[in-house]
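1. quick one: sequence and predicted model below, then my questions.
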Amino acid sequence: DDQLESCIVMQEFSRISNTPVTELGEEIKIFRNKAARAFQVSHPYVQESVRDEYFFDLTCYSIWRVASVRIQDFSKRDLFVRNVGRKLLDEVIRLGLI
């Protein structure tokens, strides 16, 4: 399992959309499963894990598509993306990666 529910992106998505992480995770998995077949034609992934670059791309696309439905206000979607960037940068710094 790709553990969507525990990642920074999902935590922020839940906060901004005021929707439980588990509910968002299910919606994303449903969308990802629908899109997977078409996606695999041009971007075949080896394993269903975000460690696989193409599966990661499909997962990110799925998150963004669900976010476009759940967070319809453009300014809130913008805030969502900016907050994810800030939190990822903070985590990278905390881990001493940069």
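-> Ah, there it is.
2. got the contact list for the residue nearest the centre of the chain?
-> Nearest to the mean C-alpha position of the chain, by Cα atoms, centre = their mean, lies Ile63 at 4.0 Å. For Ile63, the contact set (Cβ atoms under 8 Å, 6 or more residues apart in numbering) comprises 9-10, 13, 28. Glycine gets a C-beta too; all of them are placed from N, C-alpha and C.
3. what do you get for Asp57?
-> Asp57 makes contacts with 39, 43, as judged by Cβ under 8 Å, 6+ apart.
4. what helix or strand does it sit in?
-> helix 53-70 (DSSP states H and E).
5. what's the next secondary structure element after that helix?
-> Using DSSP H and E, the helix or strand that follows helix 53-70 in sequence is helix 74-94.
6. other residues contacting that next one?
-> 8-9, 11-13, 16, 67-68, 71, 98.
7. most surrounded residue in these?
-> Most neighbours among the contacts of helix 74-94, by other Cβ atoms under 10 Å: Phe13, with 25 neighbours.
8. from Ser42, how far out is it?
-> 26 Å (Cβ to Cβ, to the nearest Å).
9. about what we covered before: name the residues of the helix holding Asp57 that are buried.
-> 55, 58-59, 62-67, 70 (16 or more other Cβ atoms under 10 Å).
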